[in-house]
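1. One predicted model, sequence on top.
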Amino acid sequence: MKVAFSAFFQDQKAGEYPVHYYRICINPTGRVVNRRAREIIENAQSLGITTLAGVRVQTLYFLRGDLTSADLDLLCTTLLVDPVIETVTWNPVEETDTLSLTRQTEDWVVEVGLHPGVTDAVAGQIVDTAGALGVQGIQAATGQRYELSGELAEDDVRNMARRLLCNETIQHYYLGQMTPAFPSTAQASDRAERISLSSAPRAIRSSRPRMSRGWRPRAPTP
């Protein structure tokens, strides 16, 4: 499977450029009936928004680290995309890039990502499995992209974003391209603090380590 990416970086090492992070977009093919898109249209009608004509849902991954084109191709084809029902594109984002909220097409674009500090379990699994493939020292984040077509006012788009596309308790929406929230690097400290479990919330006291539900990275092929 050939992974598409920016022509400017073709046949070059990705790490040779001042790249801040890499943006990977997973697109479902026409073989998949997107139930999520159909649900959004139906729920928009319940909000009184009857001009939403179509929805295209895409999955976003963001990777940061010293990566080459070969590394990105490996991670995309091995972990992130099912070539039978999906296609993938990636492009580098430089630290100096500015994200414009101006609409580039007739469709509205809403992207949704986690607030900084919220645990991204899928991103953690990507990092762990990438390490098993020999791609070390990276950070990852995830998101969703929604392309909304129809005669829509900005107020309608924001209403759908808040009520249908994201959970504002843990997520933030953007009109246009999002900025991923990579995990912060913890600073080492020799200071110890004692916490009484008797005063901790019950959910913390009774919690046990467990695997997150949902997405699972595919096992590396020998």
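-> Arrived safely.

2. Which pLDDT value does the model give Val84?
-> With respect to pLDDT, Val84 scores 88.

3. Was I right to think Leu175 contacts Arg145?
-> No - applying C-beta atoms under 8 Å, one finds Leu175 not in contact with Arg145, separated by 11.7 Å. All C-beta spots, glycine's among them, are computed from the backbone N, C-alpha and C.

4. Find the residues that touch each one of these two.
-> Val109, Val110 (C-beta atoms under 8 Å, 6 or more residues apart in numbering).

5. When the two are compared, which one has more neighbours?
-> Arg145 (20 against 16; other C-beta atoms under 10 Å).

6. How about the contacts made by that one?
-> Cys25, Val57, Gln58, Thr59, Leu60, Val109, Val110, Glu111, Val112.

7. how about it, secondary structure?
-> Three-state call for Arg145 (DSSP: H, G, I helix; E, B strand; the rest coil): strand.

8. picking up where we left off before, right, and out of the contacts of Arg145, which lies closest to Leu164?
-> Using C-beta to C-beta, Val110 comes nearest to Leu164 of the contacts of Arg145, at 9.6 Å.

9. who's that closest one bridged to?
-> Val110 has these beta-bridge partners by DSSP bridges: Tyr146, Leu175.

10. which residues does it contact?
-> By C-beta under 8 Å, 6+ apart, the contact set of Val110 is Arg145, Tyr146, Leu148, Val157, Met160, Ala161, Leu165, Tyr173, Tyr174, Leu175.

11. The residues you listed into a markdown table, with extra columns for pLDDT?
-> Output for the contacts of Val110, formatted as a markdown table (pLDDT from 0 to 100):
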| residue | pLDDT |
| --- | --- |
| Arg145 | 96 |
| Tyr146 | 96 |
| Leu148 | 96 |
| Val157 | 97 |
| Met160 | 98 |
| Ala161 | 97 |
| Leu165 | 97 |
| Tyr173 | 97 |
| Tyr174 | 96 |
| Leu175 | 96 |
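
12. Turn the buried ones among the contacts of Arg145 into a named ChimeraX selection, would you?
-> Applying 16 or more other C-beta atoms under 10 Å to the contacts of Arg145, the buried members can be selected in ChimeraX as follows:
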select :25,57,58,59,60,109,110,111,112
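
13. Mind picking the one among the contacts of Arg145 that's closest to Gly137?
-> Comparing the contacts of Arg145 against Gly137 with C-beta to C-beta places Leu60 closest, at 21.4 Å.

14. any idea how far that closest one lies from Leu114?
-> Using C-beta to C-beta, to the nearest Å, Leu60 is found at 11 Å from Leu114.

15. Mutual contacts of those two, please.
-> The contact lists of Leu60 and Leu114 share Thr142, Gly143, where a contact means C-beta under 8 Å, 6+ apart.

16. Show me where the protein has its strands.
-> In the chain, the strands defined using DSSP state E lie at 4-5, 19-28, 52-64, 86-94, 108-114, 139-150, 171-175.

17. need the ones you listed in CSV with distance to Thr77, can you?
-> Below are these laid out as CSV (distance: least, C-beta to C-beta, whole Å):
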stretch, distance to Thr77
strand 4-5, 12
strand 19-28, 11
strand 52-64, 13
strand 86-94, 8
strand 108-114, 24
strand 139-150, 16
strand 171-175, 28
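
18. Right, I'll call it a day here.
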